[in-house]
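Trainee: Generate a structure from the sequence data that follows.
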Amino acid sequence: MADSVGNFPFEDSLLFKSMSRLPVMSTKRVLTSSTSSSENGQEFAPAQKKTRKDLEHVKPQAAATIIGGKRPPVAASRPPFSKSTRGGGAATVAVGPSRGVLKPSLVSTAAKGGNVKQPAVSAGTKAGGGGPQRRHGWDLKGKVSDMEEKIGKYQTKVKSVNQENEILKGSMVQTQTRMALMEKELDKQRGMISEYETELQVLTGVREELEKVSSDKNTLERELSNLEGKYRVMETLRDSQETELQTLKMKLSVQESTLARLQATLKDTEEEVCSLKETVAQQQDELHAGEMERRRLHNTIQELKGNIRVFCRVRPLVGGGLSKHIQLPASDIKMITLAKTEESHTGKTADTQRNYNFSFDRVFGPQASQQEVFEEISLLVQSALDGYNVCCFAYGQTGSGKTYTMEGDEIDETRGVIPRAVQQIFKAAEKLGAQGWEFTFTASFVEIYNETLRDLLYTGKASKRPEHEIRKLSNGEVTITNLTYEKVTNEDQVLGLIVLANRNRSTAQTAQNDRSSRSHSVFQLDIEGVNAGRDVKCKSTLCLVDLAGSERMVKSQSQGERFKEMTAINGSLSNLGIVIAALANKESYVPYRNSKLTYLLQGCLGGNSKTLMFVNIAPESDSFGETLNSLRFASKVNDCVIGTASANRK
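Mentor: Residues are numbered from 1 along each chain as shown. Have a look, this model is predicted:
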């Protein structure tokens, strides 16, 4: 064969396996007895046909292909049998090919599993064919010669077939060897296929893992892209931050140099601060000493002005204009003159004008404002914070403007002495707080009505009003039992108490005034100051009194309850005049207890206090008599000397 064993394809190995299973033809002689009849010769012919047909199924060319392409010599054509062979020793070929050589094309076709056509039976083998005629039965010699000739031919063919068979056997051995090798190779290939299948499974897992890795790779690539973008942004930010860092480093170096300079300056400043602290301490000592000196000088000035001072204030006319009987010299702010024309009693002389001249600490005309009036007493109010008792009260006839002077209206420009004094007290206390002073304030409001004390800050039921009594303590202080004392911390709280007191105060209509005060109103502000750093304490009382209006029965035309009120008012004012006269005459006994008013004000009138009285007069001509009496009373007070006041310090 042309190809080697190792190069045989898989189909060729299958072909050789099928060829190895083909039957191998062998020569046999069929011996018949010498006594066989002619029928034996006749029976041989069909057997011969069958043998030839079986042999012709396989193409003889295959043998030629297997042995290398050498074609054996073709046997001579078989002569027809003329007669039957002899019975004794005759031999017949059972099987054998009709020709000595197989065609290679048929062998290869058989090896590939193709169909092999049987050759046509020769005409001489068929009964009634066109071959030589049969020998006669008696021609045994001819039949024997024919048989011998035929046997010779068959023997030649058998020899040729045996040769081909040997060749085929050798070829089959080679083929089987090749098939064994092929089977080993096939097993090897199957093992490799199994390995490949295992590897394929592994590769399938690897492929899945590869796909997963590819997916992860895509994700990572996207993340990488995002990170690259962020990285670029961060690089830009880093560059800007580096630039900023450089700028900050430069600023830091500048700041460090500035800090060093400032530290040096701070050291100098600390030394200066220490020096200033010493100076401040020294100045605080000097300031405290100055404050004490100021208080002393202030008190000296107030004493020089008099511990009882009298201011006169003239109310303007209701219809405007000036009063003819009241004269205020422009050159002297302390003088006031009342002029009255008197008729001659004899009728022989002309009418005469009589003047009444009075001198006070200060006289305010009708044009004087509330601020101008308060400025004259502001220094006196300051004395209350310095530890001195201060009393200020308004005296005059009904309708002369006492309540307006003391309380005024709600508008800032028209506020009276009481709200302005409270405002000054709290402002001055705040300033003194910077020097270490702490103040506490307690306010009370009481009225004396028909010689009875009433609490104007009482907010309970009228039927349950408590009774009040004036009592003098062992330390000389005067207090009232069951009275409402309110702790106040600012000006607004005090103003609220004033509004409440005005609602509760007793007023009524008279012929002189539509709303006349029918009682004496007393506002007291107790002040306690402490300077812990200097270990100094002070205590004082600011007393602001709005007296009821004095009037005559003829002008007020009071009747019934109003007459009783008028009698009580005039009686208390008369007792006030008696007390002041006793103080002026330096009498040993001063009748303070004759009225509730003088008993309550005894600490301000004859005790350790600074006192100021406003005498208010009405400008109308028909009030001349009341005005004259008020001015005469004020002159008595102005001439009174009650001694030197001292501060209440501890």
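Trainee: Let's verify L483: helix, strand, or coil?
Mentor: coil (DSSP: H, G, I helix; E, B strand; the rest coil).
Trainee: nope, I425 is what I meant
Mentor: Going by three-state DSSP: I425 is helix.
Trainee: Contacts only, for it.
Mentor: Contact analysis of I425 by Cβ atoms under 8 Å, 6 or more residues apart in numbering lists 381, 384-385, 441, 525, 527, 542. The way it works is simple: take the backbone N, C-alpha and C, and place the C-beta from them, glycine included.
Trainee: Show me the two of those residues that sit farthest apart.
Mentor: Between any two of those, the greatest separation by Cβ to Cβ is 13.4 Å, found for V381 and F441.
Trainee: still on that earlier bit, and the contacts of I425, which of them are in strands?
Mentor: Under the assignment DSSP state E, these contribute 441, 525, 527, 542 to strands.
Trainee: measure the third one to K537 for me?
Mentor: With the distance defined as Cβ to Cβ, to the nearest Å, I527 ends up 11 Å from K537.
Trainee: neighbour-wise, which of the two wins?
Mentor: A count of neighbours by other Cβ atoms under 10 Å puts I527 above the other of I527 and K537, at 22 against 14.
Trainee: number of nearby residues for the nearest residue to the more buried one once chain neighbours are set aside?
Mentor: The shortest distance from I527 to any non-neighbouring residue, by Cβ to Cβ, 6 or more residues apart in numbering, is to S540 (5.0 Å). Counted by other Cβ under 10 Å, the residues lying close to S540 total 24.
Trainee: repeat for S463
Mentor: Neighbours of S463 (other Cβ under 10 Å): 5.
Trainee: doesn't T479 fall inside a strand?
Mentor: Yes - membership of T479 in a strand is supported by three-state DSSP.
Trainee: Could you shift the numbering so residue one becomes 10, and keep it that way?
Mentor: Sure, I'll start counting at 10 from here, so that last one is T488.
Trainee: how far away is it from L465?
Mentor: 16 Å.
Trainee: Could you do K440 as well?
Mentor: Per Cβ to Cβ, K440 is found 31 Å from L465.
Trainee: ok, the two, which is more surrounded?
Mentor: Between K440 and L465, L465 has the larger neighbour count (other Cβ under 10 Å), namely 23 against 10.
Trainee: Just to check, that one is in contact with I457?
Mentor: No - using Cβ atoms under 8 Å, L465 is not in contact with I457; the gap is 10.9 Å.
Trainee: any weak-confidence spans in this protein?
Mentor: In the predicted model of the chain, residues 10-142, 292, 297-316, 330, 351-360, 515-526, 560-571, 615-617, 650-659 satisfy pLDDT under 70.
Trainee: what's the spacing between the residue lying closest to L296 once chain neighbours are set aside and G580?
Mentor: Ranked by Cβ to Cβ, 6+ apart and with sequence neighbours excluded, the top spatial neighbour of L296 is Q444, at 6.3 Å. According to Cβ to Cβ, Q444 stands 47 Å off from G580.
Trainee: same question, W446
Mentor: Applying Cβ to Cβ, the value for W446 to G580 is 43 Å.
Trainee: Repeat that for T245.
Mentor: 101 Å.
Trainee: Neighbour count: those two, which is higher?
Mentor: Ranked by neighbour count (other Cβ under 10 Å), T245 and G580 place G580 first, with 14 against 10.
Trainee: Just list the residues touching the more buried one, thanks.
Mentor: 460, 604.
Trainee: Can you tell me the element it falls in?
Mentor: helix 570-593 (DSSP states H and E).
Trainee: Format the CA atom coordinates belonging to the following helix or strand past that helix as CSV.
Mentor: On the C-terminal side of helix 570-593, the closest following helix or strand by DSSP H and E is helix 605-609. Written as CSV, here are the backbone C-alpha positions of helix 605-609 (Å, rounded to 0.1, in the frame of the first residue of the first chain):
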residue,chain,number,x,y,z
LYS,A,605,-50.8,113.1,110.9
LEU,A,606,-49.0,115.3,108.3
THR,A,607,-46.5,116.9,110.7
TYR,A,608,-46.0,113.6,112.6
LEU,A,609,-45.1,111.9,109.3
